[in-house]
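In: Need coordinates for the below:
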Amino acid sequence: MGTEAYYSRSAEASDRTVADLVGLLTAAGYPCCEEADEWGRRVAFEGFESYLDLTVEDEAVVFATFDMAILHDPPDLFEAVERVFVEDGWDLGADDES
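Out: Numbering: from 1, shown residues only. You can find the predicted model right below:
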């Protein structure tokens, strides 16, 4: 697909449900919705190929992998997603799930 970015909830970040994140991302100008995914929870952006794969524990999102379709989607989308996570107190970095 392209490049991946990883976000993990920091100790300072509020607990967020998938619906909470969908609301924050939509408010940032990129309407999205949760889609069924055989591996877990996924957020798809309307009209774009990029998506978020989420790890959820007790209904709270604890980790997100942003699969960015860098050849097809605009850089503004990537910047907006990162801004939403960073402003909400999440950490950006390596895949801490492995």
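In: Give the bridge partners for Met68, please.
Out: When bridges are taken as DSSP bridges, the partners of Met68 come out as Thr3.
In: Name the single longest helix found in the protein.
Out: Longest helix in the chain by number of residues, with DSSP state H as the criterion: helix 75-87.
In: Regarding the residue nearest to the spatial centre of the chain, what is its secondary structure?
Out: Residue closest to the average C-alpha location in the chain (CA atoms, centre = their mean): Leu52, at 4.3 Å. What DSSP: H, G, I helix; E, B strand; the rest coil gives for Leu52 is strand.
In: can you give me the helices for the chain?
Out: Counting by DSSP H, the helices of the chain are 18-27, 75-87.
In: remind me which residues of the chain are low pLDDT?
Out: The chain contains residues with pLDDT under 70 at 1, 94-98.
In: can you tell me which residues contact the nearest residue to Asp15 once chain neighbours are set aside?
Out: In this structure, Asp15 finds its nearest non-sequential neighbour in Ala60, 4.1 Å apart by CB to CB, 6 or more residues apart in numbering. In short, each C-beta sits where N, CA and C put it, glycine included. Residues touching Ala60, when contacts are defined by CB atoms under 8 Å, 6 or more residues apart in numbering, comprise 9, 15-17.
In: can you check Leu77 too?
Out: Contacts for Leu77 were tallied using CB under 8 Å, 6+ apart; they are 30, 45, 48, 50, 68.
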